[in-house]
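Visitor: structure for this input, please:
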Amino acid sequence: MRDKKRTKKKKGRILVETGIITSALFLVLILAIMTMVYTGIERLHLDDQKDKMRSELVRVSDSINDTDVSDWFFDYWEENYEKINAFDKDGRDANEVKDFIIQMDLDREWLEKLSDENKIAFASTIYSLTNDVLKSENTASDYGDLFCVDIQEPGRGFVFFHYHDIDESVDRVSNTEGNLGTWMDMDPEKHPAVKEMLSAEHVDVAYERVSNFPVEGEHFVAYKPVYIDGSIRCVIGITYNWTSFSHSLRVGFYQMAFMCVGAILLVAVIMHIFMYQKAIRPLKKIQTGVREYREKKDSAVTVERMSEITAGNEFGTLAGDVSELALEMDRYTEENIRLSTEQDIVIAELDMARSIQAGQLPRVFPAFPDRKEFDIYASMIPARAVGGDFYDFFFIDDDHLALVIADVSGKGVPAALFMMMSRIIISNYAMMGISPAEVLRRSNDTIFRNNKEHMFVTAWFGIYEVSTGRVVAANAGHEYPVLRNPRGEYSFILDTHGFVLGGMENQTYEEYTFILQKGCTLVVYTDGYPEAMDSKGKMFGKERLKEALNRMPDADPKTLSEHALKSVMNYVGEAEQFDDLTMLILKRL
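Guide: Numbering: from 1, shown residues only. All right, here's what the predicted structure looks like:
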């Protein structure tokens, strides 16, 4: 139920996420392209305007500075602007005056000798002529303002002429008097173009973009300096309405942006449809097929559902892989069931083998409740279900007790089978009443002849005489026995080791004898005790075994056996049991 809710909640999320990402990428791309195009168009338009403005300024400049006495007129206009503005032209023909000046080839000295009345007449007439020419140029042009201003000290900002286009859409109405005597803020720190012209030796045309100059709004201004005798006398400027241009350019781009957004939405819808048909729909079918298989475990249904996906892309391949996986999972499940059944059979057989093996070893203690001369105890903890170690004890006659402990090479079922065979062989020879060395010799030859698997057995065999405590023993490659002496200390009996049983034929074994005093204990064990390892791979060792026995020197065989086993287990800790743990203990009472 939780999976279904989660699926419903996330339904279509990939489409939404893809749409958002795609739209965002398209928007960023379109925005970048539009910005580049906008900047490019603006730059191209600006370059075009520069050329047009320069041509216009050259033409206007020629209209102003076409006599050799222009400098005198500029000085006179600036010094006597009130008289010029108040002068009555009386209908004089300005063109005739200009022609007269040109024909007379007047110079500054001649003009200075004129009377004040004639100076006013000449200066006013030339101003009126120039004013008409500039007004005509401004009316015919596409620019908003045309002005001529002094940029030198001390008259910086003094306006000679200024024409402003009042209504660009209907009529181009200009100031008829040219604003002679007004002032403009021409501070070079506010006008980089002015600063450039003042600092350079010669400037053809300078440009700048300014705000609220010469009137309100954004303007692109072109200046052409008027040079007289190699120095700047004034500048002529024309303005282009940047605010109007930017507005029209933005409107066009807004329309383009609207069209681009619409195109993006259309592309997004088409992509959504395409993705749904080619990706999301097949993926949903694959998802449904996987969930049905998880619930029903029916590969036939999954294969049928996957066959409905005919997409010729990765999802079609994935559908085929899912079908193969479902079939393989069925085969794997069937194999697991078969193996599980076989494993159950093996486990049952191992349990039976364990029971059979346990039944072959003496497991009831006290073993001889009617014999008060001694106490005996033995235990075996196999590393696997069945072990290769074995112990045995039985009476050969009323006064002689046979003691056997052995360790078969290998582990598991083969070792257990070999152990049972070896136990029977040794016990059969022991019951014949022959010596321990002879028992081991004959057992070795018999085991060797029937040992096709080349396994072997280490064994310790001894005969305990109950009445005297005398022990006669022989060792076939087994661990050293441990004996508690009359002083109460356990120590190893360093007996002579013969060759292992089943390894080579015609082997002889050496016997040795010792007396088990009253109250003393004999301990024999397999190598699982000293060779037990902790998690770091360090072995328990014979010395730790002896120390463990010496911590409970007076304990009965069962208690002593349990204490030794606990000591080993505490040492091993979490490490896996490596070998069978078998111990046989005899105490003379």
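Visitor: how about the contacts made by residue 143?
Guide: Residue 143 is in contact with 53, 56, 165, 238-240, counting by CB atoms under 8 Å, 6 or more residues apart in numbering. Any C-beta I mention is one placed from the backbone N, CA and C, and that applies to glycine too.
Visitor: distance of it from residue 210?
Guide: 14 Å (CB to CB, to the nearest Å).
Visitor: rewinding a little: can you redo the contacts of residue 143 as TSV with distance to residue 434 and neighbour count?
Guide: Output for these, formatted as TSV (distance: CB to CB, whole Å; neighbours: other CB atoms under 10 Å):
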residue	distance to residue 434	neighbour count
53	135	24
56	140	21
165	142	20
238	139	26
239	136	23
240	133	23
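Visitor: just put those residues in a markdown table and tack on distance to residue 579, pLDDT and secondary structure.
Guide: Listed next are the contacts of residue 143 as a markdown table, based on distance: CB to CB, whole Å; pLDDT from 0 to 100; DSSP: H, G, I helix; E, B strand; the rest coil:
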| residue | distance to residue 579 | pLDDT | secondary structure |
| --- | --- | --- | --- |
| 53 | 105 | 86 | helix |
| 56 | 110 | 86 | helix |
| 165 | 111 | 66 | coil |
| 238 | 109 | 91 | strand |
| 239 | 106 | 91 | strand |
| 240 | 102 | 86 | strand |
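Visitor: among the residues you listed, which one lies nearest to residue 288?
Guide: In terms of CB to CB, no member of the contacts of residue 143 lies closer to residue 288 than residue 240, at 67.3 Å.
Visitor: would you confirm that the closest one contacts residue 220?
Guide: Yes - using CB atoms under 8 Å, residue 240 is in contact with residue 220, at 4.4 Å.
Visitor: quick one: common contacting residues for those two?
Guide: residue 49.
Visitor: where does the stretch 301-450 of the chain have low pLDDT?
Guide: Applying pLDDT under 70 to the stretch 301-450 of the chain picks out residues 311-312, 315, 343-359, 385-387.
Visitor: show me the strands in it, by range?
Guide: Secondary structure of the stretch 301-450 of the chain (DSSP state E, counting those that start in this stretch): strands at 374-381, 389-397, 400-408.
Visitor: neighbouring contacts of the second one?
Guide: Taking CB under 8 Å, 6+ apart as the criterion, the residues outside strand 389-397 that touch it are 360-362, 367, 376, 378, 380, 382, 401-408, 419-420, 422-423, 426-427, 430-431, 433, 463, 526, 528, 580-584, 586.
Visitor: which residues of the stretch 101-250 of the chain fall in helices?
Guide: 108-112, 116-140, 192-199, 242-275 (DSSP state H, counting those that start in this stretch).
Visitor: select from those helices the stretch with the lowest mean pLDDT.
Guide: Taking each of those in turn, the lowest mean pLDDT turns up on helix 242-275, with a mean of 73.
Visitor: run the chain-centre distance for the following helix or strand past it.
Guide: Going down the chain from helix 242-275, the next helix or strand is helix 281-296, by DSSP states H and E. With CA atoms, centre = their mean, to the nearest Å as the basis, helix 281-296 stands 29 Å off its chain's centre.
Visitor: what packs against helix 281-296?
Guide: Judged by 3 or more CB pairs under 8 Å, 6 or more residues apart in numbering; DSSP states H and E, the packing partners of helix 281-296 are helix 299-307, helix 314-360.
Visitor: then the first one to CSV, C-alphas only?
Guide: Extracted as CSV, the C-alpha positions of helix 299-307 are listed here (Å, rounded to 0.1, in the frame of the first residue of the first chain):
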residue,chain,number,x,y,z
SER,A,299,7.4,-14.9,-15.4
ALA,A,300,4.9,-15.7,-18.2
VAL,A,301,2.8,-12.7,-17.3
THR,A,302,5.9,-10.5,-17.1
VAL,A,303,7.2,-11.7,-20.5
GLU,A,304,3.8,-11.1,-22.0
ARG,A,305,3.7,-7.6,-20.6
MET,A,306,7.3,-6.8,-21.7
SER,A,307,6.4,-8.0,-25.3
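Visitor: buried residues in it, which are they?
Guide: Within helix 299-307, the residues that count as buried by 16 or more other CB atoms under 10 Å are 299, 302-303, 305-306.
Visitor: what angle separates that helix from helix 281-296?
Guide: 170 degrees (axes from the mean of the first three to the mean of the last three CA atoms, to 10 degrees).
Visitor: run the chain-centre distance for helix 299-307.
Guide: 36 Å.
Visitor: what's in contact with it?
Guide: Against helix 299-307 from outside (CB under 8 Å, 6+ apart): 285-286, 288-290, 292-293, 319-320, 322-323, 326-327, 329-330.
Visitor: residues near residue 150, how many?
Guide: A count of nearby residues for residue 150, using other CB atoms under 10 Å, gives 24.
Visitor: of all the strands of the stretch 301-450 of the chain, which lies closest to residue 274?
Guide: strand 374-381 (69.8 Å).
Visitor: and that closest one, what does it pack onto?
Guide: Partner elements for strand 374-381 (3+ CB pairs under 8 Å, 6+ apart): strand 389-397, strand 400-408, helix 557-572, strand 581-588.
Visitor: the third one packs against which elements?
Guide: Looking back up the chat, that one is helix 557-572. strand 374-381, strand 521-525, helix 541-550, strand 581-588.
Visitor: of these, flag the one that's most buried.
Guide: A comparison of those by mean neighbour count, using mean count of other CB atoms under 10 Å, puts strand 521-525 on top with a mean of 26.
Visitor: how about residues contacting that strand?
Guide: 403, 405, 460, 462, 471, 478-479, 481-484, 490, 516, 545, 549, 557, 560, 564, 582-588.
Visitor: that strand vs strand 374-381, what angle?
Guide: Going by the same axes, to 10 degrees, strand 521-525 makes 20 degrees with strand 374-381.
Visitor: what's the angle from strand 521-525 to helix 557-572?
Guide: Going by the same axes, to 10 degrees, strand 521-525 makes 40 degrees with helix 557-572.
Visitor: now do strand 521-525: distance to the chain's middle.
Guide: The answer for strand 521-525 is 63 Å, by CA atoms, centre = their mean.
Visitor: for residue 515, give me its contacts.
Guide: Contacts of residue 515 (CB under 8 Å, 6+ apart): 468-471.
Visitor: can we see that at 7 Å?
Guide: 469-470 (CB atoms under 7 Å, 6 or more residues apart in numbering).
Visitor: equivalent analysis for residue 320, please.
Guide: Here residue 320 is in contact with residue 306 (CB under 7 Å, 6+ apart).
Visitor: next, find the distance separating the residue of the chain positioned farthest from its centre from residue 575.
Guide: Each residue of the chain has a distance to the centre, and by CA atoms, centre = their mean the biggest one is for residue 115: 94.7 Å. Per CB to CB, residue 115 is found 131 Å from residue 575.
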